[in-house]
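# can't give you the sequence, but here's the structure:
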């Protein structure tokens, strides 16, 4: 493994996250001010105490000016990053490295997305001029991820009706969790009948198998680990940051069977090595994963090592990943119920880790969590970028 | 110069009975046009390396830009083969036949015929394509003669800005054409020293002529018109193709087209015809077909506007990337690694399997079959006719890619389905037609 990692070199000492949802009343600027204001307040610092800024957004603005203009940041470095749906995590990863490098002592990672101003359903693409032949130009995200379902059932001999139940369980669970989250887009439990009977979007995926299209922003204040207790008595330490960008072989190679994301397997192995984790199932207290569509979460449980190959559907139905299960997954509601404002999502996952590891998650609070994993994915089966982080509430 | 090969293509859709149509009205799918159908009709013939390509149509997808060049590219013809459009009226086809006979060339005609809702053109026209390849060598039919008469007449016309046209009363046109048709037939037969032809095909945009074709000029064995109704520029070629599907060795075929005059060609089948008929006969293609509701058909032709998924319209394809990717976009050429054999669709420079750089050879997969590895029905994607069905295709001999399904019947697509490729128009944006290949379930 080529990564050396920066285990325990940096810490999160403040975070902010807006309510996600159809924020018709709020502009991108408003969302940024809301998330950054909460993060600054939570760390007890002023805007001008921040030495450098990272901003992640897929399409709600370009350049660092998207952040420096609404906040009125005076001549500090602001870097805008984009890495598909892993954009928010990418903002965080690079901000952490900036502190670890010694270049800055106090850095803010921000992510934002304003999706609901377009008037269209789902995500929009901003592709460069092309010859018009790429399947991704027309095939929508739900369609691309719906390919997992028939491939998985065929490979592992799962009765399609049972696979449907397993997919429904993912949506049901994440709605149960989201109902207990005041910042979630959908704060309502949804019956299994409603989930299964929903209007079909692509393949067997109905609207309740898809993440919420929403507006939102989130932010994290990052400092040197040795300074962390100057800001808070409960900092969160960064144990691992891994990113894997795939060669997009799956779409070209008949050997690829659409039941795994090799990028996730690689990024998880890298993250576990950095964090010194040998048994993620027993060492991790919770995981926030990229449940963009229900079958994605099932496959991720296997790629992240939370379930054996071909078993995640069964483990999920058994409640292993529920709030009270052996490995709670997406306890904040996930992309499904919290919503998926692309550039904010990776930081939103860290926000739940922050709350849980500090004991501030309210009625979702898990008992004595120590280590949390976040997993954020951009792209589609056959070719994606995958981010995995591990954060913990103890240094060393 | 003789006829070396012929081919015909009929789309698989039929206008549904809710339109009031009686009989069979062959209609092109929303993603077909006179360019894509020409490719399908001529695909099987291009192996003979034509000296020139003449594309005839009354429904050209482009003006100012040559349509034949896309057909030329999809057929993967050498750049030194000239390709040109002959557009406007059904008469253009005979001009193409004349040019192809003279120089040893491929003439292909294709048309999407549109009529006003409820009109005779809507009900009795037909969409399709047909191709003839002429050249030196072992012909399947000899050309015994060609004759033309020209007449300025207001029988059928169309405002270039409109998709639907006008006709004068059919009896007027009939009277104008009838003597010309008889005269052209007589001249051709006289010059060949024949009393009559074995098979006679008479086509015309004037229904009076086509209704009375058998009475005007009778064939000893058969008298026929267009197999699908008035199909514009395709008519004479399609009528001839249908006869060549069944004609015996030594039998003569007289093709007459009455459009602003009369053109005629007389041919005699050789012994080789029987073993070199088109792979799919006109009759086979005409049989079956899938009916579509009238409203769907009208939306395909832009005569009604339907509510589409709440998704943005796609960007127009860009010129420079399309030019750089020409062999891929039009010829479906991938790249095969000479070091390890891994096939890349679309072509790549760095091997996905062994990482060799620039060790690729070009390989066209347009004529390969493949199997469906997995598939989905996308109800959200933009399409002129949702939903989109997409398949991941693994090609015989290597290579995988994701393609839209043409003429999709979701019930007939499954993992393991066998598919072949067809040339279609994915969408049109900014008046640019996005031509590419789709998978079609066999």
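Great, that's in hand. Quantities reported herein were computed from a predicted structural model and do not represent experimental measurements. Numbering: from 1, shown residues only, chains lettered A, B, ... in the order given.
# Any idea how many residues pack against residue 304?
Since no chain was named, I'll use chain A. When neighbours are defined as other Cβ atoms under 10 Å in any protein chain shown, residue A:304 has 28 of them. Yep, even glycine has a C-beta here, placed from its N, CA and C like the rest.
# sorry, should have said chain B
13.
# go on, residue A:25?
When neighbours are defined as other Cβ under 10 Å, residue A:25 has 7 of them.
# Ok, the one 10 residues further on next?
Other residues near residue A:35 number 27, with proximity taken as other Cβ under 10 Å.
# Please, which helix or strand holds it?
Here residue A:35, judged by DSSP states H and E, is contained in helix A:28-43.
# Just the buried positions in that helix, please.
A:28-36, A:38-40, A:42-43 (16 or more other Cβ atoms under 10 Å in any protein chain shown).
# Check stretch A:272-283 too.
Going by 16+ other Cβ under 10 Å, stretch A:272-283 has these buried residues: A:272, A:273, A:274, A:275, A:277, A:280, A:283.
# can you tell me the distance between the two ends of that stretch?
Separation of the first and last residues of stretch A:272-283 by Cα to Cα, to the nearest Å is 10 Å.
# which ones are touching the residue of the stretch 151-300 of chain B found nearest chain A?
Proximity of the stretch 151-300 of chain B to chain A (Cβ to the nearest Cβ) peaks at residue B:300, 17.6 Å away. Residue B:300 makes contacts with B:27, B:29, B:30, B:292, B:384, B:385, as judged by Cβ atoms under 8 Å, 6 or more residues apart in numbering or on different chains.
# repeat that for 6 Å
residue B:30 (Cβ atoms under 6 Å, 6 or more residues apart in numbering or on different chains).
# Ok, residue A:319 next?
Contacts for residue A:319 (Cβ under 6 Å, 6+ apart) come out as residue A:325.
# Please work out how many residues are found near residue 200.
All of this refers to chain A. 16.
# actually chain B
28.
# try the one 10 residues further on
The burial metric for residue B:210, expressed as a neighbour count using other Cβ under 10 Å, is 24.
# And for the one 4 residues further on?
For residue B:214, the number of neighbouring residues by other Cβ under 10 Å comes to 15.
# Pull the residues that contact the host helix or strand of it.
For residue B:214, the host element (DSSP H and E) is helix B:213-216. With Cβ under 6 Å, 6+ apart as the test, helix B:213-216 has contacts from B:181, B:182, B:202, B:223, B:225.
# quick one on the thing from earlier: let me know the pLDDT of the residue of the stretch 151-300 of chain B closest to chain A.
According to the prediction, residue B:300 has pLDDT 96.
# And for residue B:38?
98.
# So it versus residue B:140, what's the distance?
21 Å (Cβ to Cβ, to the nearest Å).
# more crowded one of those two?
A count of neighbours by other Cβ under 10 Å puts residue B:38 above the other of residue B:38 and residue B:140, at 31 against 23.
# so the more buried one, which of the three states?
helix (DSSP: H, G, I helix; E, B strand; the rest coil).
# Quick check, residue A:15 in contact with residue A:350.
No. Counting by Cβ atoms under 6 Å, residue A:15 does not reach residue A:350; the two are 7.0 Å apart.
# and the two? which has more neighbours close in?
residue A:350 (29 against 26).
# Secondary structure class of that one, three-state.
Classification of residue A:350 by three-state DSSP places it in helix.
# okay, now residue B:342: neighbour count?
20.
# In contact with it, which residues?
B:351, B:353.
# domains in chain A, as residue ranges please.
Here the domain assignment for chain A is A:10-118+A:215-236, A:140-211+A:237-392, based on automatic domain parsing.
# Residue B:87 bridge partners, please.
residue B:57 (DSSP bridges).
# Let me know the pLDDT of it.
Confidence score, pLDDT, at residue B:87: 96.
# Residue A:46 too?
Note for residue A:46: predicted pLDDT of 98.
# Please state the backbone phi and psi of it?
phi -100, psi 160 (degrees, to the nearest 10).
# Just the residues contacting stretch A:91-104, thanks.
Stretch A:91-104 is contacted from outside by A:6, A:9-10, A:51-52, A:54, A:56, A:81, A:107, A:109, A:111, A:220, A:222, A:224, A:238, A:241, A:347, using Cβ under 6 Å, 6+ apart.
# Correction: the previous question concerned stretch B:151-171.
For stretch B:151-171, contacts defined as Cβ under 6 Å, 6+ apart pick out B:114, B:115, B:116, B:173, B:176, B:205, B:206, B:207, B:208, B:261.
# let's see 7 Å
B:114-116, B:121, B:173, B:176, B:180, B:205-208, B:260-261, B:301 (Cβ atoms under 7 Å, 6 or more residues apart in numbering or on different chains).
# quick one: which two of those are the most distant?
B:180 and B:301 (32.6 Å; Cβ to Cβ).
# So for these two, which sits in the more crowded spot?
Set side by side, residue B:180 and residue B:301 show more neighbours around residue B:180, with 22 against 17, by other Cβ under 10 Å.
# Residue ranges of each domain in chain B, please.
According to automatic domain parsing, the domains of chain B span B:2-300, B:319-441.
# So what's the gap between the first one and the chain middle?
Right, domain B:2-300. 10 Å (Cα atoms, centre = their mean, to the nearest Å).
# tally of neighbours for residue B:18?
Using other Cβ under 10 Å, the number of residues around residue B:18 comes to 12.
# Quick check: residues of the stretch 201-350 of chain A near chain B?
By the rule Cβ under 7 Å from any Cβ of the partner chain, the part of the stretch 201-350 of chain A lying against chain B is A:201, A:202, A:203, A:247, A:249, A:251, A:252, A:253, A:254, A:258.
# Show me the contact partners of stretch A:135-144.
So stretch A:135-144 is in contact with A:122-123, A:127, A:201-203, A:205, A:210, A:292-293, A:380-381, B:314, B:376, B:378, B:380-382, B:388, B:390, B:402-404, going by Cβ under 7 Å, 6+ apart.
# which of the residues you listed are buried?
A:122-123, A:201-203, A:205, A:210, A:292-293, A:380-381, B:314, B:376, B:378, B:380-382, B:388, B:390, B:402-404.
# Which of those fall in helices?
The members of the buried ones among the contacts of stretch A:135-144 all map outside helices under DSSP state H.
# State the mean pLDDT of the lengthiest strand in chain B.
Across chain B, the strand with the greatest residue count (assigned by DSSP state E) is strand B:418-429. Regarding strand B:418-429, the rounded mean pLDDT is 97.
# For burial, what's the neighbour tally of the closest residue to chain A within the stretch 1-150 of chain B?
Relative to chain A, the nearest point of the stretch 1-150 of chain B is residue B:31 (11.9 Å; Cβ to the nearest Cβ). By other Cβ under 10 Å, 25 other residues sit near residue B:31.
# what does the stretch 251-400 of chain B put close to chain A?
Counting by Cβ under 7 Å from any Cβ, the stretch 251-400 of chain B sits next to chain A at B:309-312, B:314-315, B:317-318, B:321-322, B:325, B:328-329, B:344-346, B:352, B:373-374, B:376-382, B:388, B:390, B:392, B:394, B:400.
# Can I get the buried part of those residues as one PyMOL selection?
Buried members of those, defined by 16+ other Cβ under 10 Å, are picked up in PyMOL with:
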select buried, chain B and resi 309+311+314+315+317+318+321+322+325+328+329+344+345+346+352+373+374+376+377+378+379+380+381+382+388+390+392+394+400
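# Show me the residues of the stretch 251-400 of chain B next to chain A that map onto strands.
In this view, these that belong to strands under DSSP E are B:344, B:373, B:374, B:376, B:377, B:378, B:388, B:390, B:392, B:394, B:400.
# which two from the residues you listed end up farthest apart in space?
B:344 and B:377, at 27.1 Å, using Cβ to Cβ across these.
# Can you name the next helix or strand after the lowest-mean-pLDDT helix or strand in chain B?
Taking mean pLDDT, DSSP states H and E as the measure, chain B has helix B:213-216 as its least confident helix or strand, at a mean of 91. Using DSSP H and E, the helix or strand that follows helix B:213-216 in sequence is strand B:222-224.
# That next one - what's its average pLDDT?
On average, strand B:222-224 scores 96.
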